[in-house]
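>>> whatever this is, show me its structure:
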Amino acid sequence: MSEPVTAFEDWRQRKERTGSREGARPAAPEEAEGVLDLRIVQALERAPEVRIPEHFAARVAASVPARTVRLRQARLAARAPVRRVAYAMAVVCLVAVAASMVALARHSGQRVFYQVLECVLAFQFCIVAAWVARSRGASAK
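Just a heads-up that it's a prediction; the model follows:
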């Protein structure tokens with residue numbers, strides 16, 4: 001006899017060897033437990049059949065109200081003034097950092113603290129200038 005591939009085939013081969021009938025009850029409780037285990041294994045080995053109804057995506061898209069699209073467009077339009085304010089604040093910060101760098105320039109040769117502070121301000125100036133350049137380029141598009 002060939003080796004069984006699944007638990008169901010193993011159960012079927014054992015049933016054929018013992019000669020038990022389809023409607024007969026098993027004689028021992030161990031055999032009944034084995035049959036139940038085999039039925040559970042058989043049910044678990046069987047892949048479920050997946051069915052997606054036709055036009056499912058169209059029905060879902062039709063159920064979404066059109067108002068959400070208008071709300072998204074309104075939110076995007078409302079962000080424009082905020083970007084302008086942020087851009088103006090960044091330019092003001094650039095001017096303030098540049099002025100403080102000029103004010104600290106006369107002290108930078110005397111102490112290490114002023115040199116480190118001027119390096120930190122220069123780094124901040126570069127970061128804010130890069131952000132302003134990037135945001136200006138994005139708003140021009």
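
>>> just the helices in this structure please.
7-18, 29-45, 56-63, 67-104, 112-140 (DSSP state H).

>>> count the residues that sit near Val97.
Val97 sits with 20 neighbouring residues when counted by other Cβ atoms under 10 Å. All C-beta atoms are positioned from the backbone trio N, CA, C, and that covers glycine.

>>> so it makes contact with Leu121?
Yes - taking Cβ atoms under 8 Å as the definition, Val97 is a contact partner of Leu121 at 5.4 Å.

>>> ok so, going back, by mean pLDDT, show me the worst of the helices of the chain.
Here these differ in mean pLDDT, and the lowest is helix 7-18 at a mean of 72.

>>> could you chop the chain up by domain?
7-45, 79-140 (automatic domain parsing).

>>> for those domains, which one sits closest to Ile52?
domain 7-45 (23.1 Å; Cβ to Cβ).

>>> now the domains of the chain in a markdown table, with distance to Val60?
Below are the domains of the chain laid out as a markdown table (distance: least, Cβ to Cβ, whole Å):
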| stretch | distance to Val60 |
| --- | --- |
| domain 7-45 | 31 |
| domain 79-140 | 29 |
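
>>> among those domains, single out whichever gets nearest to Ser63.
With Cβ to Cβ, the closest approach to Ser63 among these belongs to domain 79-140: 28.3 Å.

>>> which of the domains of the chain sits closest to Pro53?
Taking Cβ to Cβ, domain 7-45 is the member of those nearest to Pro53, at 25.2 Å.

>>> from Cys126, how far off is Val50?
Going from Val50 to Cys126 by Cβ to Cβ, to the nearest Å gives 56 Å.

>>> kindly report the same for Ala43.
66 Å.

>>> cool, and Cys119?
With Cβ to Cβ as the criterion, Cys119 and Cys126 are 11 Å apart.
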